[in-house]
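*Asks:* Provided below for reference: sequence and predicted model.
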Amino acid sequence: MEGMETMCCNILIVEDNLGDFLLVESILNEVYPDSTITHNKTISEASQSLSHVFFDAILLDLTLPDSNGMSSISQIVKAASNTPVIVLTGYEDKDFGIKTLSMGVSDYLLKDELTVSIILKSISYSIERNKIAGRLIESEEKYRELFQLSPIAKWVYDLETQKILNVNIAAVRQYGYTIDEFLGMNVSKLCPENERCLENNIYNQISEIGFITGTYKHKLKNGNLISVNIQSIEMNFEGKKARIVLATDITEDLINKEKVIKSNQRLVSAQEIGQLGYWEIDMITHAIFWSDEVYKIIGIEKTNPGLTYDEFYEMVHPDDKTVFDKRIKESLAGISQADIEYRIICPDSTVKYLYHRSELVKNNLGVPIKCEGVIQDITERRNYIKAIQDQNLKLQDIAWIQSHVVRAPLTRLMGLVSLLKNPNNLEFNQTELLDQVSKSANEVDQIIREIVKNAEQINIQTNKNES
């Protein structure tokens, strides 16, 4: 990627789902083309690999055959020593994500949100943070330069008295205290009341070499609270047993992740209201994604692995398969956008009308990377249009009756009235003429009744369709 330096990395992916692994592998190959990628499907395999191979980073799925959730994290963090662990999760739970960070995880990423830039940033930052911590362990001589020039807030505190012994400029900018104020401060002052602090949690996370990490709430000088990712290790500072702390402000990251979650929730609600589903085909791995609303529209339960394209194609109405297949292939080939209406036969044998639109997405080099589209249930709209068409036909019948059937008795009435007005008429007496007038009037009345009856039936049918 432009503006980012690529590295040669040795990366371990612990993932039992082949589709998810291939997706992550394809992204990693784009980000780190010269890297070595090892694939393990279980915690046991991963532990074995970690026992004799050094990895720059570990990507961990939380649901594995021999372990899941927090148990997987605990085992991998323990086996990985100081190697950064990045969790790949489907959980859209802010508190869960923070909890994983407090267990020693470098970062947690939502599988549905994975992109090249997110993977690159997460791995690069995790490796860089790990390298910084490693340098601090390897050489105290490099400490002062790294300490003061680092953009990450850092301080050193006495393990016995918990007094802050040294602090860098980044911490001054982040927390708002002056250097003198920091040096006269107990480290616990940074921790809000009723919030767990680093020193209170230290013995639960400390490893053999004294390296710990976690996410905590800290209080600024102005009273505002921020979320920080803490990395800390024991050291000897001017003859005192101390601990150096790196505090990265992740407040904005957490807020942005929360916004993404809420945005996704709103998107799901919008899809439900509009009966609009989203789908996507990865042109590299050929993996296909269907949103939950697609499953609702077509009337099947979401499964793992999900619905295949062939399974969806089988649901397309036989009379629509040829056109559907032709337009989809044109869309995948980049010839044109697919913009079609077609029918599907649901598992319960109901027929639904769907509107489908899709387009091919290419990268900066013009290479297709995915095809994405939407599916909307337009059955109600099509039924409503059909009802209107039927109503129009009935209205046309009524119009024909008015213009043709009524005309004959009306013409007779007009002729009879003309005869009655003629004083010289000797051929017909008035009684006969009035009888004919009455007969024609009754005929017109009957026709009008039929028109009214047909109109009422149209109104009844319209009301049924609207309800």
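*Replies:* Received it, and whenever you're ready, just let me know what you need. Residues are numbered from 1 along each chain as shown.

*Asks:* doesn't residue 50 make contact with residue 75?
*Replies:* No: under the contact definition of C-beta atoms under 8 Å, residue 75 does not touch residue 50, with a separation of 10.1 Å. Using the backbone N, CA and C atoms, a C-beta is placed for each residue, glycine as well.

*Asks:* higher neighbour count, the two?
*Replies:* Shown here are residue 75 and residue 50; by other C-beta atoms under 10 Å, residue 50 has more neighbours (21 against 18).

*Asks:* What separation is there between the closest residue to that one other than its chain neighbours and residue 134?
*Replies:* Nearest non-adjacent residue to residue 50, counting by C-beta to C-beta, 6 or more residues apart in numbering: residue 79, 4.6 Å away. Here residue 79 is placed at a distance of 18 Å from residue 134 (C-beta to C-beta, to the nearest Å).

*Asks:* Please enumerate the strands of the stretch 201-350 of the chain.
*Replies:* 211-219, 225-237, 240-249, 276-282, 288-290, 338-345 (DSSP state E, counting those that start in this stretch).

*Asks:* one step back: in terms of helix, strand or coil, where does the residue nearest to residue 50 fall?
*Replies:* Here residue 79 is recorded as helix under DSSP: H, G, I helix; E, B strand; the rest coil.

*Asks:* correct me, but it touches residue 47?
*Replies:* Yes: the criterion here is C-beta under 8 Å, and residue 79 meets it with residue 47 at 4.7 Å.

*Asks:* Can you report how many residues lie near residue 279?
*Replies:* When neighbours are counted by other C-beta under 10 Å, residue 279 comes out with 20.

*Asks:* Report the beta-bridge partners for it.
*Replies:* residue 290, residue 373 (DSSP bridges).

*Asks:* My guess is it contacts residue 293. True?
*Replies:* No: with contact defined as C-beta under 8 Å, residue 279 does not reach residue 293; the gap is 10.0 Å.

*Asks:* Counting neighbours, go ahead and name the busier of residue 79 and residue 134.
*Replies:* Looking at residue 79 and residue 134 with other C-beta under 10 Å, you find the greater number of neighbours at residue 79, namely 17 against 13.

*Asks:* Give me the helix or strand of the chain that scores worst on average pLDDT.
*Replies:* helix 198-205 (a mean of 50; mean pLDDT, DSSP states H and E).

*Asks:* Show me where the stretch 51-200 of the chain has its strands.
*Replies:* Using DSSP E, counting those that start in this stretch, strands in the stretch 51-200 of the chain cover 57-61, 63-64, 67-68, 85-89, 107-110, 153-158, 164-167.

*Asks:* Please convert those to CSV, extending it with distance to residue 181, mean pLDDT and mean neighbour count.
*Replies:* Conversion of these to CSV gives the following (distance: least, C-beta to C-beta, whole Å; pLDDT from 0 to 100; neighbours: other C-beta atoms under 10 Å):
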stretch, distance to residue 181, mean pLDDT, mean neighbour count
strand 57-61, 38, 90, 25
strand 63-64, 47, 84, 20
strand 67-68, 46, 82, 16
strand 85-89, 36, 86, 23
strand 107-110, 32, 84, 21
strand 153-158, 12, 92, 23
strand 164-167, 9, 94, 22
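
*Asks:* Among those, single out whichever gets nearest to residue 382.
*Replies:* strand 107-110 (36.7 Å; C-beta to C-beta).

*Asks:* mind listing what the closest one pairs with, with the direction of each?
*Replies:* strand 85-89 (parallel).

*Asks:* Show me what the strand it pairs with is in contact with.
*Replies:* For strand 85-89, contacts defined as C-beta atoms under 8 Å, 6 or more residues apart in numbering pick out 15, 20, 24, 57-62, 73, 76-77, 96-97, 100, 104-111, 114, 122-123, 126.

*Asks:* ok, back up a step: what's the closest of the strands of the stretch 51-200 of the chain to residue 245?
*Replies:* strand 153-158 (5.5 Å).
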